[in-house]
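Peer 1: A structural model of the following input is requested.
(one chain, ligands or ions: 1)
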Amino acid sequence: MRRPFIAGNWKMNLNRAEAVALAEGLKQAAAAVDYADIAVCPSFVYIDAVAQALKGSNVGVGAQDCYFEGNGAFTGEVSVEMLKDIGCTYVILGHSERRHIIGESSELTNKKLKAVLAAGLIPILCIGEMLEQREAGATDDVNAEQFFGSLAGLTSDDMKKVVIAYEPVWAIGTGKVATPEQAQEVHAKVRQLIEFRFGKDVADAVRIQYGGSMKPGNAAELLAQADIDGGLIGGAALKVDSFMGIIEAAKTTEL
Ligand code: PEP
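Peer 2: Just a heads-up that it's a prediction; the model follows:
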């Protein structure tokens, strides 16, 4: 049985006061949640303030990216050590907005992922196909390339600590959600990839989140699927009520 994990990706949204208010609201609203892991991932500049606001709560804090080198001459970058220092437990890596807007490769994501693991933090690795790739029948190939490329060189012990987020790019921020069947089909294939590369024990343990327009109204059906172990939430994570609606949907599902 895998414990559900619901994480909010706040992306480049909110100002300091809004980020802290959202964190404080969540701290209260989620205080009684004992059936799922919860995290929020603010912009770098508000992680510190949000981590302070969430101190003593059951809501963890993550970053949306990092650099793979240790502290040093890397202008504009943020190291994993810095993230750890300000209270991060998680780091989202390989988000489609980084792959497709910033141009990050699976090779770069792999370096970052290894740095995150080496620091004892938990990577949330995003993979997912674009609409034209799905329509061309390339969904499995795209996800396999991102999977093997981003996870190259990991041991089975490393892999047990990784969270995967399957995020079909065409469903992110579009309101176009994958059907539970479409999502489950890919999640099952991703779990097969984990088994092929790292063995059955690891495949049974790794949590695979779904991401892409998950909302309180569609979360229960998605989370009820056998291989969907949680969600990575964008838009609906920006309000206490909608994020809590998704967290509560995880209670009623057998994951
Ligand atoms: C995301 O940012 O990873 C995401 C899934 O966004 P949304 O929920 O808004 O589609």
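
Peer 1: residues touching the residue of the stretch 1-150 of the chain found nearest the ligand, list them.
Peer 2: Nearest residue of the stretch 1-150 of the chain to the ligand: Asn9, at 4.2 Å (CB to the nearest ligand atom). C-beta: built from backbone N, CA, C; applies to glycine. Residues counted as contacts of Asn9 (CB atoms under 8 Å, 6 or more residues apart in numbering) are Cys41, Gln64, Ile92, His95, Gly211, Leu232, Ile233, Gly234, Ala237.

Peer 1: Of these, which belong to strands?
Peer 2: Members of these lying in strands (criterion: DSSP state E): Cys41, Ile92, Leu232, Ile233.

Peer 1: Tell me which residues touch the third one, please.
Peer 2: When you say that, I think you mean Leu232. With CB under 8 Å, 6+ apart, Leu232 has these contacts: Ala7, Asn9, Ile92, Ile124, Cys126, Ala165, Glu167, Gln209, Tyr210, Gly211, Met214.

Peer 1: looking at it, the third one is touching Asp65, isn't it?
Peer 2: Yes. Here Ile92 lies in contact with Asp65, judged by CB atoms under 8 Å, at a distance of 6.7 Å.

Peer 1: what mean pLDDT would you report for the longest helix seen in the chain?
Peer 2: The longest helix of the chain (DSSP state H) is helix 180-198. Helix 180-198 shows a mean pLDDT of 98.

Peer 1: that older thread, more neighbours, Ile92 and Asp65?
Peer 2: Regarding Ile92 and Asp65, a neighbour count based on other CB atoms under 10 Å identifies Ile92 as having more, with 25 against 20.
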